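Student: Sequence and predicted model, in that order:
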Amino acid sequence: MGKWIPSLNLTVTPSVSDTLDDRCFIFWPDEFPSISSLPILSSINPQTTAEKTSQNPVIENFGSIKSKNTIFNFQKPSIKNLADKLTKLSKANENMNLLLIGENGSGRTNFIKFLAQNLFSNECFFSLKIDCFEWKGKSLETIEKQLDEIIEICETRMPSVLFLDNLNFLNINMEDEDRKKFIDKVYSRIAFRLDSTKIDCIATTRSLYQLPESLLTIDGRRLFHENLEIPTMKEVNLFLKLIHNNQ
């Protein structure tokens, strides 16, 4: 169906009914009329759309991020055993808090990275990591808010694991009493939040003695069900050398 339309200074705005039919507009050739779009199509504000998108950032699974580092061979059995244990607990609807202990050079961060990759690739675990050193200088309210937000994300994507790297981010050996009270309060709130969730938590620290009792114990119970100590590369090489010399 076509329409012959007068030619001078005509603005054509199709109606909704026009857009529903297959129509052909034929114009007299002396001057082409200006055509305006439907109001509904021009009402979309790109800036508003961009703002809405930026308010919902994409959360990337820690286990899906490829590491540039190489896994230590002596860590492979421990990573596999721990991944198997977390998988079994998940299938039984149980969770575990584990403290990974190792001095600088032991590859603590590398360990949790490859553990997250193992859980993601084999069992589709979701995981997020917090570097607790980023909390240094932050208020208790800020730390609580960030921890709550991360835990809530993990709780919507079960099975999931929260990795708290460098949980020894605060120096507990302080002489200032006010500072001691603040540190104790921070770790108490972290312990309470971890104890109240069903997600798995793997935390790392250089030493067990760098963490306060307010974190390690809650209501007379140990917060971390297991402690796993990992040696440094230097210690492993020394051990292998001793074995070689004794053969």
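Tutor: Perfect, I can see it now. Here the structure is a predicted model, which is why all the values come from computation and not from measurement.
Student: Name the surrounding residues that touch stretch 129-145.
Tutor: Stretch 129-145 is touched from outside by 62, 112, 116, 146-147, 150, 162-170, 182, 185-186, 189-190, 193, with contacts defined as C-beta atoms under 8 Å, 6 or more residues apart in numbering. C-betas here are computed from N, CA, C, even on glycine.
Student: Weed out the non-buried ones from the residues you listed.
Tutor: The neighbour-count test (16 or more other C-beta atoms under 10 Å) marks 62, 112, 116, 147, 150, 162-170, 186, 189-190, 193 as buried among the contacts of stretch 129-145.
Student: Filter the residues you listed down to the ones in helices?
Tutor: With helices defined by DSSP state H, the entries of the buried ones among the contacts of stretch 129-145 inside them are Ile112, Ala116, Leu147, Ile150, Val186, Arg189, Ile190, Arg193.
Student: Looking at the closest residue to the last one other than its chain neighbours now. What's its pLDDT?
Tutor: Which is Arg193. Excluding its sequence neighbours, the residue lying closest to Arg193 (C-beta to C-beta, 6 or more residues apart in numbering) is Leu147, at 5.6 Å. Residue-level confidence at Leu147 comes out at 95, pLDDT.
Student: Could you report the distance from Leu147 to Lys85?
Tutor: Distance, Leu147 to Lys85, using C-beta to C-beta, to the nearest Å: 24 Å.
Student: before we move on, what about Phe169?
Tutor: Distance from Phe169 to Lys85, counting by C-beta to C-beta: 27 Å.
Student: Then Pro212?
Tutor: 27 Å.
Student: And for Lys76?
Tutor: 15 Å.
Student: what does Ile79 give?
Tutor: Between Ile79 and Lys85 the computed distance is 11 Å (C-beta to C-beta).
Student: Compare the two (neighbour count), which wins?
Tutor: Neighbours around Ile79 and Lys85, counted as other C-beta atoms under 10 Å, are more numerous at Ile79. The numbers are 22 against 14.
Student: so what's the more buried one closest to, chain neighbours aside?
Tutor: Leaving aside its sequence neighbours, Ile79 is closest to Leu115 (5.1 Å, by C-beta to C-beta, 6+ apart).
Student: Give me the below-cutoff pLDDT ranges for the chain.
Tutor: For the chain, the stretches flagged by pLDDT under 70 are 1-58, 233, 235-247.
Student: For it, just list every one of the helices.
Tutor: All helices of the chain, identified by DSSP H, fall at 16-20, 39-42, 46-54, 76-91, 108-123, 140-155, 177-195, 213-216, 233-246.
Student: Counting neighbours, what do you get for the closest residue to Gly105 other than its chain neighbours?
Tutor: Of all residues beyond its chain neighbours, the one nearest Gly105 is Thr232 (4.1 Å), with distances taken as C-beta to C-beta, 6+ apart. Other residues within reach of Thr232 by the criterion other C-beta under 10 Å amount to 15.
Student: Could you double-check that Thr232 lies in contact with Asn110?
Tutor: No: counting by C-beta atoms under 8 Å, no contact exists between Thr232 and Asn110, whose distance comes to 11.9 Å.
Student: domains of the chain?
Tutor: According to automatic domain parsing, the chain is divided into the following domains: 2-54, 74-239.
Student: beta partners of the residue positioned nearest the centre of the chain?
Tutor: With distances taken as C-alpha atoms, centre = their mean, the chain has Leu128 as the residue nearest its mean C-alpha position (2.8 Å). Each beta-bridge partner of Leu128 is listed here: Leu162, as defined by DSSP bridges.
Student: which ones are touching it?
Tutor: Leu128 is in contact with Ile59, Asn61, Phe62, Ile150, Ile153, Cys154, Ser160, Leu162, Phe163, counting by C-beta under 8 Å, 6+ apart.
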